[in-house]
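> Task: produce atomic coordinates for the following.
(chains A and B)
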Amino acid sequence: MAGFFVRRLMEFIPVVFLVITLTFFLVRLAPGGPFSGEKFVSEEALRQIEAQYNLDAPLFVQYWDYLTDVLRGDLGPSLKRPNRSVTEWIKLKFPVSLELGLYGLFVALFIGLPAGVLAARYQNTWIDRVTMSGATAGICIPNFVLGPLLVLVFAIWLGWLPVALWEKPVDKILPSLTLGVVYAAYIARLSRTAMIEVLSQDFIRTARAKGLSEFQVVFRHALPGALQPVVAFLGPAAAGLLTGSFVVENIFRVPGLGTEFIKAALNRDYTMIMGTVLVFAVLILFFNLLVDLIHAWIDPRLRHD
Amino acid sequence: MRPAIAYHKKCRETQFYDGNTAIMAKMHFNYFVFVVFTILALSYVSCQEADVWSRVNPSVLRVGNGAEPADLDPHLVSGVTEHVILSTLFEGLVNLNARTLQPMPGVAESWELSPDGREYTFHLRHSARWSNGDPVTAEDFAYAWRRILTPSLGSEYAHMLHCIQNARLYNEGKLEDFSQVGVRVLDPHTLRVVLEHPTPYFLSMQIHFTYFPVHRGTIERFGRMDERGTQWTRAGNFVGNGAFQLDRWEPDRILVVKRNPYYWNASMVSLNEIQFYPIDNLNTEELLFRVGRLDLTSTVPLNKVEPYQRNYPEKIHISPYLGTYFYRFNTKRRPFDDVRVRRAFSLAINRDDLVRNVVRAGRAPAFSLTPKGIENYIPPESAPFNPEEARRLLAQAGYPEGVGFPPVEILFNTSEDHRQVAEAIQAMWRENLGIRVGLRNQDWKVYLNSLSTLDYDIARSAWIGDVIDPVNFLECFTSGNGNNRTGFSSPIFDGLIEEARSASSVSERFERLREAEKLLLEEAPIAPLYFYTRVFLMAPNVQGVYPNLLGYIDFKNVFWNVN
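Modelled structure (predicted):
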């Protein structure tokens, strides 16, 4: 197991290197620079700013400098929000995205899994139809519609929850719901399908035959088997929850890293783009590794692939 | 269950869960209807009326302020959001009356202007203090202006000071000795400023952040004078001389300023605290206002303007703003290298229709580049909507009824508002000229790049004035100016702007500028479309915010009317 883990970890290095290289050159290929604006900036001023940030050096020199800086843990200053370094911005924003992502994941699991199990257990009844219609709706409604809709109902009409901002615990309910619901819907459908399959197997019939309660049959014997596809889905889902929170962050004014990532790209804030891409790349790799580990733990054959 | 029915039912289930064919299509349609209804419901301002401000703290104002400020260094920022915050944290030599925009004493309690209009002598008040208690002196202003003009700082807005003698040369690195720049410290409380030319708007420029003083000790404690992005602007480090001081700055959450006890006129400041919330989603800002979590917003979503006007007219404020929305023509590229074609396209736009049906929000149709409302300056107007004349000009240029006209496109940066305007104008040109133009939207930075490299036919543009003076708009179109971006070049136009700069009287100056603007409209490298308005929401009991062309709010004089 340890060998498997180390091997997979070694694979990180070339992937991260490739991501840095590709991103570095791709963002420089995009037209426009970080300092262009509606109002013209004089050539002289532009030259001076670029000199301050080492942007006047040849591209390959900049690339080499960036690589060596990254190895030393220095991601450089943000070009558009200069009074903090990229590392500081990430330290400030990433915990918020992580928190939002985790809540989203909780929502996804705590709504999705019971809904899926319930739908499978009561297959073809009204319970099944209602939950699966809900799941289809959850997948179909984009979060830029769902978010304002939840705000309209729970914040404006009912007045139970805040409209936006990220200050008190109660502020975090609607953003987490908005973010998690679509994943809950996927999990519900996945766990339903898997559960139906497991429930029709012989060992379940055996369990029932020996007189176990329905609760024990479903949760002790059937559920572990039904979890496999859900676990496989959790890796990309977790990465998606953390990286794809831009819309939710924007609607609810959550100060997370997703917004930073999009804005950096639109503003051509080169160092910030590099920093956020790096964080997200490592995160995605990490979650994939985590899922592989869980799979390997469940299925020993995978450790020797 | 008969086998056939069972089979049919099974098929239906399979279809349902496999996600294909007719049932799925019907479901998609249902969700589509559902989503459409949701959007309709959301765009309607709900009718609940509760006084959400009844328990408000009358010493605190909560302000929605658009984007997050990039920084609080007055020499490195360039946006409106930073300007709003910085005007609470700093004070220039002169203030403006927010109602009339007339100059009022600031750090300077009085000033004199020499008879030739080129030399100001400011007498600074002895009671002016920084937020750490240090006195504000003439030396602080000289230091600040030297800093912003220092080439190696690379200040993007340093050109605002180019009206000062030799400032441009120093800023461009062609002059190394700052003592030759027209800024003289006569004694700690007397500052003399020598200008290149008489500049009637020099006093009103003093509310612009580029003219604010900075505290030398603080700047140099955290880095070199010309170093960008040091930590001096963080809460705890920051020292300003405004009516408020920086208390807390949590990026993308909140920025709090509190009353500065050292401010020379602190007893007249009503608010103890202003909370600035950076909210760039307009709908979120409006919702926060609606539930009473904001007292003042930066703007209003366009679709909410009319419901507010209808239901809550006391909360919405619309006033003219010093900005013009216009289209540029690329005069270096066929067919817009022909002035007749440019004029035809401009004549074929029905601006009244455009503001009435598309842009709304009280905006006025524009027939000049310079907005109306600049004191003593009445801009010349281009010819009104005239499709017959437009067709005649087009025929003269060799395109009768649009026949043989090359394919051209309107370029705009990605935004629903710009698209709507472009579509309306596209329809007008098709109807009035018989020409089909294409639409091309680009991401902001790509669009800017296309503009400055003249890689477009027609492009959406706007200019927001930094100072209330027509020259700020007109000088953009002098030959080789970085803001020109049309390829337009006319020695006569350049000459008129130069003459206006050195004119001896205000009336002569405005006369030259009028002539220049008239020429610009005849040559038509641009087609003005409409003048901006400033639209915002404000709690009914907030007082002291006045409509003015600059959108300038003097927070010192803002207060809650608790009665």
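
> Could you use CA atoms for every contact and neighbour count after this?
OK.

> what packs against whichever strand in chain B runs longest?
Identified as the longest strand of chain B according to DSSP state E is strand B:316-329. Packing contacts for strand B:316-329, counted by 3 or more C-alpha pairs under 8 Å, 6 or more residues apart in numbering or on different chains; DSSP states H and E, involve helix B:302-311, strand B:458-464, strand B:526-537.

> Let me see the residues that make contact with the second one.
The one in question is strand B:458-464. For strand B:458-464, the surrounding residues in contact (C-alpha atoms under 8 Å, 6 or more residues apart in numbering or on different chains) are B:322-330, B:408-413, B:418, B:451, B:473.

> again with the last one
Contacts of strand B:526-537 from elsewhere in the structure, counted by C-alpha under 8 Å, 6+ apart, are B:289, B:295-300, B:315-329, B:346, B:351, B:355, B:361-369, B:371, B:486, B:521, B:551.

> Which residue ranges of the stretch 1-150 of chain A form helices?
A:2-29, A:43-52, A:59-71, A:86-121, A:126-140, A:143-150 (DSSP state H, counting those that start in this stretch).

> do the same with the stretch 351-500 of chain B
Using DSSP H, counting those that start in this stretch, helices in the stretch 351-500 of chain B cover B:351-354, B:387-396, B:416-433, B:444-452, B:470-474, B:491-501.

> so where's the chain uncertain?
Reading this off chain A. By pLDDT under 70, the weakly predicted segments of chain A are A:1, A:298-305.

> um, chain B though
B:1-51, B:563.

> Show me how it divides into domains.
Annotated domains of chain B cover B:29-90+B:242-315+B:538-560, B:94-221, B:322-534 [automatic domain parsing].

> Can you add distance to A:Thr68 and mean neighbour count and give those back as JSON lines?
Shown next, in JSON lines, are these (distance: least, C-alpha to C-alpha, whole Å; neighbours: other C-alpha atoms under 10 Å in any protein chain shown):
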{"stretch": "domain B:29-90+B:242-315+B:538-560", "distance to A:Thr68": "28", "mean neighbour count": "19"}
{"stretch": "domain B:94-221", "distance to A:Thr68": "26", "mean neighbour count": "19"}
{"stretch": "domain B:322-534", "distance to A:Thr68": "29", "mean neighbour count": "19"}
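
> Redo those as JSON lines? Include distance to A:Phe4.
Shown next, in JSON lines, are the domains of chain B (distance: least, C-alpha to C-alpha, whole Å):
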{"stretch": "domain B:29-90+B:242-315+B:538-560", "distance to A:Phe4": "42"}
{"stretch": "domain B:94-221", "distance to A:Phe4": "52"}
{"stretch": "domain B:322-534", "distance to A:Phe4": "44"}
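
> between those, which one is nearest to A:Gly104?
In terms of C-alpha to C-alpha, the element of these nearest to A:Gly104 is domain B:29-90+B:242-315+B:538-560, at 20.6 Å.

> Looking at the stretch 201-305 of chain A, what residue ends up closest to chain B?
For the stretch 201-305 of chain A and chain B, the shortest gap (C-alpha to the nearest C-alpha) falls at A:Pro255, measuring 5.3 Å.

> one step back: most tightly packed of the helices of the stretch 1-150 of chain A?
Of all the helices of the stretch 1-150 of chain A, helix A:86-121 has the most neighbours on average by mean count of other C-alpha atoms under 10 Å in any protein chain shown, namely a mean of 21.

> Can you tell me which helices and strands it packs against?
In terms of contacts (3+ C-alpha pairs under 8 Å, 6+ apart), helix A:86-121 is packed against helix A:126-140, helix A:173-199, helix A:223-243, helix A:257-267, helix A:270-298.

> Specify the angle between the first one and helix A:143-150 in degrees.
In other words, helix A:126-140. 120 degrees (axes from the mean of the first three to the mean of the last three C-alpha atoms, to 10 degrees).

> what do you get for the longest one?
An angle of 90 degrees separates the directions of helix A:270-298 and helix A:143-150 when computed by the same axes, to 10 degrees.

> can you state the direction angle for helix A:270-298 and helix A:59-71?
50 degrees.
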